[in-house]
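Engineer: one predicted model, sequence on top.
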Amino acid sequence: MADRVKIYCNTCKGETNHDIKSTHDQSYHDEFEDHGQRFLGYYEETEFRFLICRGCDSATLQEKWTCAGMHDHNGDEIFSYNYHPKRKNLGEREVKKFHHVDKKPNDSYKEIITAFQQGLEIITAMGVRALLVKVYASLKE
């Protein structure tokens with residue numbers, strides 16, 4: 001385990017080294033049996049890390065999560081990270097204004113941006129799909 005990680009610090013306002021003071025692992029495994037052999041069906045693994053900034057001594061809880069199916073094209077695991085308190089470097093951008101686009105797609109776009117900024121990934125994906133259908137339909141006309 002690395003003793004130190006580099007993440008954005010809300011207090012220092014930049015990427016700084018953080019010491020890992022403590023970790024806690026949590027896992028869930030769903031196994032099933034078929035013809036006398038046991039198989040792993042689904043799993044989730046979460047690692048909680050208590051981090052202390054080396055610049056200002058502020059504390060952060062890092063949640064590192066993965067589950068079955070989260071792999072890249074090489075077969076390596078992909079992890080999702082959440083931080084508490086949330087990182088302030090996400091830089092919420094202003095919604096772009098499209099003057100040449102109809103009102104309905106423009107309103108949908110604003111709702112997609114709001115969902116994305118609130119971390120609602122599934123709602124964001126659904127909104128992007130719906131927006132693409134609207135744009136494609138307007139191109140066919």
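Structural biologist: Noted; the coordinates are in hand. Everything numeric in this text was worked out from a predicted model, so none of it was measured.
Engineer: what's the helix or strand encompassing residue 129 in contact with?
Structural biologist: Using DSSP states H and E, residue 129 sits in helix 121-140. With contact meaning Cβ atoms under 8 Å, 6 or more residues apart in numbering, helix 121-140 is reached by 102, 104, 105, 108, 109, 111, 112, 115, 116. Using the backbone N, CA and C atoms, a C-beta is placed for each residue, glycine as well.
Engineer: and those, which are buried?
Structural biologist: Buried members of the contacts of helix 121-140, counted by 16 or more other Cβ atoms under 10 Å: 105, 108, 109, 112, 115, 116.
Engineer: now flag whichever of these is closest to residue 14.
Structural biologist: The nearest member of the buried ones among the contacts of helix 121-140 to residue 14, counting by Cβ to Cβ, is residue 116 at 24.0 Å.
Engineer: give the other helices and strands that the helix or strand that the closest one is a member of contacts.
Structural biologist: Per DSSP H and E: residue 116 is located in helix 103-117. The contact analysis (3 or more Cβ pairs under 8 Å, 6 or more residues apart in numbering; DSSP states H and E) places helix 103-117 against helix 121-140.
Engineer: quick one: buried residues of the helix it packs on?
Structural biologist: Within helix 121-140, the residues that count as buried by 16+ other Cβ under 10 Å are 124, 127, 131, 134.
Engineer: identify the spatial nearest neighbour of the residue positioned nearest the centre of the chain, chain neighbours not counted.
Structural biologist: Residue closest to the mean C-alpha point of the chain, counted by Cα atoms, centre = their mean, is residue 80 at 5.4 Å. The spatially closest residue to residue 80, leaving aside those adjacent along the chain, is residue 65, at 4.8 Å (Cβ to Cβ, 6 or more residues apart in numbering).
Engineer: that concludes my questions; thank you for your assistance.
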